[in-house]
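this one's structure only:
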Ligand code: F6P
């Protein structure tokens, strides 16, 4: 055990949308900190809100036992954005100042921020305020810039793919078009990967503008070729009329333009629930352990990341507001097009 870090106190918080694997990451941070570096670990409740309200609790080895396989986050989460200017009447609380005050009062040497792009942005701004922060990239959307993959993505991919698999049999029984909406916020990673893994025929991504006429022609052509059914996978973030769910809109377009019998499924929060996949458990554990190593090396203001098979780190200030969306020339898209999978655009 390193004597330099013995007794050092670190905080962990989880912010943004929850996903499978967060508890595995907390366990990776906590166990490495306590057992390898002799650190003391504090769990911050409900993301940045817990630092604003000074809601926290000690995390001992016993608290970390048995959480590897549990979905959700034992710390709770929120979408609190402390740097967001509050509109409207009433006193404006200086939340960043409160966070710094409570960080100091808690005697924290460092803070591990587990979250998506919004969380990493807040972590970067807190680093500029003088906090020692290390970010861990977490989200089912896989849209955090600077890392090849976020944990949570693989688990959601399994859930979405398994769901699409189930749609094939009912679509075939009724000779229907099945439209399934997957999450992903403004990025199409989950739709692209689950669409291909699940044998989708037509995949709509926010990154590729689609034509309703091309969608209709493609599906009508499949019907003419006596294909018994079609599977349409749409990302929730595709362009569509305000407030209308993507699957509902695309289903309506298909019915109106082709007359083909169509049904819609919106997967929603199922993709965020349950136990993490083995790969997410491994990735979250690697990220968590690496975060503590960064702290021991006094390497702050960074986010742990994957580049290929290597675990590395990127400066938080480089991430900023950037989003990692699907490049339209992604090799997977080219391969899918070569197998006559349609992306709703002219090819
Ligand atoms: O960021 C994860 C995510 O599930 C997105 O895919 C989705 O658009 C969003 O969170 C939903 O946000 P909320 O949990 O606040 O409803």
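Right, received. Where do you want to start? No experiment lies behind these values; they were computed from the predicted model shown.

who's in contact with stretch 288-299?
2, 4-5, 8, 10, 24-30, 32-33, 36-37, 39, 109-110, 112, 132, 134, 136, 300, 302, 304, 311, 313 (C-beta atoms under 8 Å, 6 or more residues apart in numbering). To be clear about C-beta, it is placed using only N, CA and C from the backbone, and glycine gets the same treatment.

Skipping its backbone neighbours, what lies nearest the residue nearest the centre of the chain in space?
Centroid-nearest residue in the chain, with C-alpha atoms, centre = their mean: residue 139, separated by 1.5 Å. Of all residues not flanking residue 139 in the chain, residue 116 sits nearest, at 3.7 Å (C-beta to C-beta, 6 or more residues apart in numbering).

Surely that neighbour and residue 14 touch.
No - with contact defined as C-beta atoms under 8 Å, residue 116 does not count as touching residue 14 (10.6 Å).

These two: who's more crowded?
Higher neighbour count among residue 116 and residue 14: residue 14, with 30 against 25, using other C-beta atoms under 10 Å.

and that one, what are its phi and psi?
Backbone geometry at residue 14, expressed as degrees, to the nearest 10, gives phi -120, psi 130.

That one is in contact with residue 29, isn't it?
No - under the criterion of C-beta under 8 Å, residue 14 makes no contact with residue 29, lying 10.6 Å away.

hmm, back to that, what touches both of residue 116 and residue 14?
Going by C-beta under 8 Å, 6+ apart, residues that sit against residue 116 and also against residue 14 are residue 138.

Let me know how buried residue 296 is, in neighbour terms.
18.

typo on my end, it should be residue 99
Using other C-beta under 10 Å, residue 99 is surrounded by 26 other residues.

so what secondary structure elements neighbour the helix or strand in which it is found?
Element membership for residue 99 (DSSP states H and E) is helix 95-105. On a contact count with 3 or more C-beta pairs under 8 Å, 6 or more residues apart in numbering; DSSP states H and E, helix 95-105 meets helix 48-52, helix 117-128.

and the first one, average pLDDT?
Read that as helix 48-52. Per-residue pLDDT values over helix 48-52 give a mean of 98.

And the ligand, is that helix touching that?
No - shown here: helix 48-52 not in contact with the ligand (C-beta under 6 Å from any ligand atom), separated by at least 14.0 Å.

what does that helix contact?
Outside of helix 48-52, the residues that reach it under the criterion C-beta under 8 Å, 6+ apart are 11, 13, 15, 44, 55-56, 75-76, 78, 80-82, 93, 95, 98-99, 102-103, 111, 122.

who touches whichever helix or strand comes after it?
Moving toward the C-terminus from helix 48-52, the next helix or strand (DSSP H and E) is strand 56-59. With contact meaning C-beta under 8 Å, 6+ apart, strand 56-59 is reached by 11-12, 26, 30, 40-45, 50, 106.

what does stretch 240-258 give?
177, 179-181, 204, 212-213, 215-216, 219-220, 223, 232, 234-238, 260-266.

Residues of this protein that sit close to the ligand?
17, 79, 116, 139-141, 183-185, 236, 272.

List buried residues within these.
17, 116, 139-141, 183-185, 236, 272 (16 or more other C-beta atoms under 10 Å).

didn't residue 122 look like it was pressed against residue 83?
Yes - using C-beta under 8 Å as the test, residue 122 is close enough to residue 83 to be in contact (6.3 Å).

Looking at the two, which has the bigger crowd around it?
Higher neighbour count among residue 122 and residue 83: residue 122, with 28 against 14, using other C-beta under 10 Å.

From residue 34, how far out is that one?
Using C-beta to C-beta, to the nearest Å, residue 122 is found at 26 Å from residue 34.

ditto for residue 168
In terms of C-beta to C-beta, residue 168 sits 47 Å off from residue 34.

With neighbour numbers in mind, choose between those two.
residue 34 (19 against 16).

dump the residue contacts of that one.
With contact set as C-beta under 8 Å, 6+ apart, residue 34 has these partners: 40-41, 60-61, 64.

So which of those residues are in helices?
61, 64 (DSSP state H).

Report the buried residues of the helix holding residue 99.
The neighbour-count criterion (16+ other C-beta under 10 Å) identifies 95-96, 99-100, 102-103 as the buried residues of helix 95-105.

ok and the residue in the stretch 151-300 of the chain nearest the ligand?
Going by C-beta to the nearest ligand atom, the ligand is nearest to residue 183 of the stretch 151-300 of the chain, at 3.4 Å.
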